[in-house]
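Student: build me a structure from this.
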Amino acid sequence: MVDTRFDLLSDDQTVKLAEALKAQPDLSRDYPTPALLEINRRAEAARLATTASALHKLPLKAVEDSVAEVLKVRDLTYPLDEIVSKARRATSEYYKGKLATTAGGAPIVKRNMTAVVAKVTKRLNARGLEDIERLLLALPAVYEQLLIDALDKEKINPQDDQGLFDYVLRSVRVEPRHYLLNEIVGAALGAENIKLEKDELSALRDLAFQRGISLRDGTVRSAVRKLLADAQSVGNLRQYVDRYAARGEIDTAQFDESIKSEMARFLFARGVTIPSLAAFESGNYDEYFALAFDHALRVSEGSNDPVDVARTKGAGGAEWDYTIRRISESDRPIIRAELIRAAGALYTTFIEGEQMYVYDIADSLLTAWHRGELDIPDGDAASQLNRYEILMRDRPTEEERQMHYKRVFNIGDAEMLSGTVVNETFPSLWDNLMYEVTRYIDKIERYYTEEKFISRTYVYQAIQDLQYNLSEYMTGSTPKKTAEMYHHLQEALDIIGSDDVLNHVGGRRKSILAAIEHIGKASLGVAIPAKNLVEMAERGNDIFRFIANFAPENVADDEFQRFLDACKACIVNQAALEPRREDEGNGDEFESNGYRNGNGYATARRRTHRNGNRVGGRNNGGNFDDWES
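Tutor: Residues are numbered from 1 along each chain as shown. Just a heads-up that it's a prediction; the model follows:
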């Protein structure tokens, strides 16, 4: 027998032994079965240890690499001019050096912000950026520097992705844009061997920053030459504007930079050329400068009406870039968030009060209490029932409640007051919101990647349509009456959820939902899907509150996700409440005033009970003796 003591074998030797025994079965006869099992166990452990050791020796993907990934803004796809490529490299090197000094010991990689930066990057990739902005943000050093400035200079919360996004978008248009354009213009002038005076250079810089420069291959030199021609003329005239201002004939305090620049531009546009300083000093051009000053003042005050400007002799025509006045932006309906939130409360009142029969159930309990069937002689529940009866006479009646549902949501068939305008468009707008949410969720599940952002445009438009609609129709007495109706509902729920009532009808669960379902069956003869309805009432209210507070430029991803979840919950629960086709037309009759698709919104259904009479107390606006039972 071979010695089976192999404790002193190294891991490699144990593995080789196990492989040899496997390759030559005859050798295994010399080892007892326990020894063979032990050899194989040790060999497997050695293999795992070897593999783990090899993995440990592999170079780890640095944290810097993961941060670098989320700092990648999508770049331009067309070929860049050679001058632009060089200017871009120079800009990148400049910001790398700046980053090394300003980031200090706290670059983005050390701030545990990968997830937040990823959100900002995703928004930037989905944004319609100008070419210069996209080219700059595609440089990681520029992007990271702007993020650090936002955190350290502006003190923006590191978890506020919206704030960081706004700052980056705003700031890239200033210093980084200036630096890149300076590099492009400087390289183009150097390539043409052109040297300029300070005033001409300043005018060229200002024009480049104002107009921008094409970045495409083969376009930069011609673009700079065109800017230069204009800048030289404007720059030359600007010198004379400064001299004109220095004369003191007009208060020098009125000659700020914008006035001087506009004067030079005006003179250039009118083709004014001054051959020499002597010609200027002769006073032959004073009238032009006076007109230019008058024009600049008019522009600074907002007047560029060509008829108005033409009244000034020699003014020619007013300069206008043909930007139209957007009535759609200045005359948008006012969004009244408090009214939209009131509509959400009315929605909840409708679902819980009418769909869940809470009003009817409380009325039924009140009737049972008066009959002696509900034996609650005193205590909190008795006080609540007594208060409920007294206040009910001043609460909106069922007919009044139905009028408000009809006017705001176009639900039901209540008779309206003469001249009342019903919100007939609401059902289709709500259906459209649910449809767009469904489409968006489907696209997210099918196509979304970190590189492919799914547009929210259609969802946002549907939300804004509802904002305008509810701000217009949730008016008049409805907000005030909604408050009364909701407090009526809360009193009814307090009665149903009181200990005395739950002890009588709450079942083993002793819960308010169980009591509602039990009383619905026993007293009203209806099966009430309380859990589904409560979910719809609460999540639907969440939707209305999101709509009330909605502003497309300030939607945080987590808030939007909660909104989507609320919509999904309403859609799913609404589907659960829809009658099956085979159930339609039998027994209980449904008066359905549902929406086109029924997506996410409870329809107004009322069953007729017990020979067409609704069971339970009913307030006719009179005393207890007037109640039907």
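Student: return the helix or strand in the chain with minimum mean pLDDT.
Tutor: Every helix and strand in the chain was compared by mean pLDDT, DSSP states H and E; the lowest is helix 306-310, with a mean of 50.
Student: what's the spacing between Ile516 and Tyr357?
Tutor: 7 Å (C-beta to C-beta, to the nearest Å). (C-beta placed from N, C-alpha, C; glycine too.)
Student: which neighbours do the two have in common?
Tutor: The overlap between the contact sets of Ile516 and Tyr357 (C-beta atoms under 8 Å, 6 or more residues apart in numbering) consists of Ile528.
Student: ok, the spatially most central residue of the chain - contacts?
Tutor: Nearest to the geometric centre of the chain sits Val555, at 2.5 Å (C-alpha atoms, centre = their mean). Neighbouring residues of Val555 by C-beta under 8 Å, 6+ apart: Gln162, Arg456, Tyr460.
Student: quick one: which of those is most hemmed in?
Tutor: Gln162 (18 neighbours; other C-beta atoms under 10 Å).
Student: A strand includes that residue, no?
Tutor: No - applying DSSP: H, G, I helix; E, B strand; the rest coil, one finds Gln162 to be helix, outside a strand.
Student: going forward, begin numbering at 4 instead of 1
Tutor: From this message on, residue numbering opens at 4, which makes the last subject Gln165.
Student: isn't it up against Glu562?
Tutor: No - using C-beta atoms under 8 Å, Gln165 is not in contact with Glu562, being 9.9 Å away.
Student: in the helix ranked longest in the chain, which residues are buried?
Tutor: What stands out as the longest helix in the chain, according to DSSP state H, is helix 223-249. Across helix 223-249, burial judged by 16 or more other C-beta atoms under 10 Å covers 223-224, 226-227, 230-231, 234-244, 247-248.
Student: do the same with stretch 365-382
Tutor: Ala365, Asp366, Ser367, Leu368, Leu369, Thr370, Ala371, Trp372, Leu377, Ile379.
Student: end-to-end on stretch 187-205?
Tutor: Using C-alpha to C-alpha, to the nearest Å, the end-to-end distance of stretch 187-205 comes out at 15 Å.
Student: what's in contact with it?
Tutor: Contacts for stretch 187-205 (C-beta under 8 Å, 6+ apart): 86-87, 89-90, 207-208, 211, 216, 223-224, 227-228, 230-231, 234-235, 238-239, 241-242.
Student: the same query, at a cut-off of 10 Å, please.
Tutor: 84-91, 93-94, 135, 206-208, 210-212, 216, 218, 223-228, 230-231, 234-242, 245, 267 (C-beta atoms under 10 Å, 6 or more residues apart in numbering).
Student: how about the closest residue to Arg180 other than its chain neighbours, what does it touch?
Tutor: The spatially closest residue to Arg180, leaving aside those adjacent along the chain, is Ile135, at 5.9 Å (C-beta to C-beta, 6 or more residues apart in numbering). If you count contacts by C-beta under 10 Å, 6+ apart, Ile135 has them with 79, 87, 175-176, 179-180, 183-184, 187, 215-218.
Student: please identify the helix or strand for Ile135.
Tutor: Assigned by DSSP states H and E, Ile135 belongs to helix 134-140.
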